[in-house]
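1. only geometry, no sequence info:
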């Protein structure tokens, strides 16, 4: 990639009493699936339980008054590159800053992992733009890294690489990238 997007700021989610963001536990997986299923087929890809259990260590959840009302994951794609995935907030809790709290936490984790860039494939460009993501064209990795990543069995990696067999999953989505400060 010849041009780098501007550096992503450290966004501060609005203070919202009662919201707690924490690492997901295996006991959260059925609720994570319910949250994803609210959007499956329209905004998010459907995920089966086994896939969610396999990836539970990547997930964070947001609780409001003790109930899990949102989720999101950070998946490491390469040494310097991660992907924010599967951000979902219960429709009953939309507009309360829960998604912003989740994405802010995922970006903190990316910084802790010393990732310098974070990718997202999304319909919600304004939302992610507020977290420093900008639209990109193409795949922001070298040819050598691209070839290595083609060996992955992960469908999300195939979507990142924009491989033809996942095109039906990505139609209408926008590819966005954030560059992290100090990473």
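-> Sure thing, it's come through. Predicted model only: the values in this text are computed from it and were never measured.

2. show me where the chain has strands.
-> 7-8, 19-23, 59-64, 67-78, 81-89, 117-122, 134-135, 174-180 (DSSP state E).

3. Provide the count of other residues in contact range of residue 162.
-> Residues near residue 162, counting by other Cβ atoms under 10 Å, number 14. Glycine gets a C-beta too; all of them are placed from N, C-alpha and C.

4. can you tell me how far the nearest residue to it once chain neighbours are set aside sits from residue 129?
-> Nearest in space to residue 162, with sequence neighbours left out and distances taken as Cβ to Cβ, 6 or more residues apart in numbering, is residue 139 at 5.9 Å. Residue 139 is 20 Å from residue 129, where distance means Cβ to Cβ, to the nearest Å.

5. partners of the residue nearest the centre of the chain in the sheet?
-> By Cα atoms, centre = their mean, the chain has its centre lying nearest to residue 84, at 1.8 Å. Per DSSP bridges, the residues bridged to residue 84 are residue 74.

6. Model confidence for it, exactly?
-> Residue 84 is assigned 98 on the pLDDT scale.

7. quick one, what contacts it?
-> Neighbour list for residue 84: 72, 73, 74, 103, 106, 107, 118, 119, 120, 128 [criterion: Cβ atoms under 8 Å, 6 or more residues apart in numbering].

8. Pull out the buried residues from those residues.
-> Neighbour counting with 16 or more other Cβ atoms under 10 Å marks 72, 73, 74, 103, 106, 107, 118, 119, 120, 128 as buried within the contacts of residue 84.

9. Please produce a markdown table containing the residues you listed, extended by distance to residue 97 and pLDDT.
-> Shown next, in a markdown table, are these (distance: Cβ to Cβ, whole Å; pLDDT from 0 to 100):
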| residue | distance to residue 97 | pLDDT |
| --- | --- | --- |
| 72 | 13 | 98 |
| 73 | 19 | 98 |
| 74 | 19 | 99 |
| 103 | 10 | 98 |
| 106 | 15 | 99 |
| 107 | 15 | 98 |
| 118 | 20 | 98 |
| 119 | 23 | 96 |
| 120 | 18 | 96 |
| 128 | 15 | 98 |
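
10. Export those as a markdown table, with columns for distance to residue 181.
-> Conversion of the buried ones among the contacts of residue 84 to a markdown table gives the following (distance: Cβ to Cβ, whole Å):
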| residue | distance to residue 181 |
| --- | --- |
| 72 | 21 |
| 73 | 22 |
| 74 | 17 |
| 103 | 16 |
| 106 | 16 |
| 107 | 10 |
| 118 | 12 |
| 119 | 17 |
| 120 | 18 |
| 128 | 17 |
